[in-house]
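In: kindly generate the corresponding structure for this input.
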Amino acid sequence: MLIGALPVHGETPWKDIKIPNKLGFGLSLYNQNQPYQIKSLELGVGGIDGSTLTELPVQNSTTSTHFRVDYWVLPFLNVFGLVGNIDSATNVDLKDFDIGLPVGFDDLKINNDGTVYGAGLVLAVGGKRWFGALAYDYTETELSVTTSSVNAQIITPKIGLHFDGGAVWIGAMHQNIEEVHEGTYDLPFLGAIPYRVVLEAKQPWNYTIGGTAGLTKHLVLMLQGGFGDRKSALVTLEYRIF
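Out: Here you go, the predicted structure:
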């Protein structure tokens, strides 16, 4: 998929613009690992100030498979929607959690799966061999555990080069994530106590590199990797028509 409005030789501005086949259907596999930070943590135990627990280390791993449909409404504007499955594992490290008792604590492990829905748009510009794009998408997740919820707003700017049969780019990703979990946690001597934790990405930005290759006239393979505090990998197989 050549992302962006890609000018070619011609006489008028509109004739100069080359875009991909307008309608696309894609199947994607995505995985990311990143540290979270605790926005708030409430424990149903008297005498514990949740604000003192916000520095506890938290690690999240998420894998999703989703189906996406997109359409180039204008040479510089693409809109899309997606739906898929998601599996998420979040670990809150409690080894330094101290409530004044001579006992250690097991980590708080939160495993979820569910259905993710989303929609967004891409704004694009381009030249004879270069392109730039800015994508925005919003997703919500219906998790199997009804006391948990995840929503995310993602912005991905990129700039790259296109050529016959493919493209390469560098870019960045900004994730504004809010993850809320409620449940019970077993504490020594105290038994099961209720908790409510709100999590967010510790470092919203990371950088990405990627590329596409046209396998046939309509079939396109896309690969993208993310680096920094957030490590990610994306593989998409896309079919474009019209």
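In: how about the strands of the protein, start to end?
Out: Along the chain, counting by DSSP state E, strands occupy 6-7, 17-18, 23-43, 58-74, 77-92, 108-126, 130-143, 149-163, 166-187, 191-201, 205-214, 219-227, 231-241.
In: which helices and strands sit right next to the third one?
Out: Counting contacts by 3 or more C-beta pairs under 8 Å, 6 or more residues apart in numbering; DSSP states H and E, strand 23-43 packs against strand 58-74, strand 77-92, strand 166-187, strand 191-201, strand 231-241. Yep, even glycine has a C-beta here, placed from its N, CA and C like the rest.
In: what about dumping the CA coordinates of it to CSV?
Out: Provided in CSV are the C-alpha atoms of strand 23-43 (Å, rounded to 0.1, in the frame of the first residue of the first chain):
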residue,chain,number,x,y,z
LEU,A,23,-10.9,0.2,-1.3
GLY,A,24,-8.8,-2.1,0.8
PHE,A,25,-9.4,-5.1,3.1
GLY,A,26,-6.6,-6.1,5.4
LEU,A,27,-5.9,-8.8,8.0
SER,A,28,-3.3,-7.9,10.6
LEU,A,29,-1.4,-9.5,13.5
TYR,A,30,0.0,-7.0,16.0
ASN,A,31,2.1,-7.5,19.2
GLN,A,32,3.5,-5.0,21.6
ASN,A,33,5.3,-5.0,24.9
GLN,A,34,5.7,-1.8,27.0
PRO,A,35,6.0,-0.6,30.6
TYR,A,36,2.9,1.0,32.1
GLN,A,37,2.6,3.4,35.0
ILE,A,38,0.0,3.4,37.7
LYS,A,39,-2.3,6.4,37.4
SER,A,40,-4.2,5.4,40.5
LEU,A,41,-4.4,2.3,42.7
GLU,A,42,-7.1,1.7,45.4
LEU,A,43,-6.8,-1.3,47.8
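In: and the nearest residue to V235 once chain neighbours are set aside, what are its bridge partners?
Out: Leaving out its chain neighbours, the residue that sits closest to V235 by C-beta to C-beta, 6 or more residues apart in numbering is L29, at 5.0 Å. Beta-bridge partners for L29, by DSSP bridges, are T65, V235.
In: with that, I have no additional questions.
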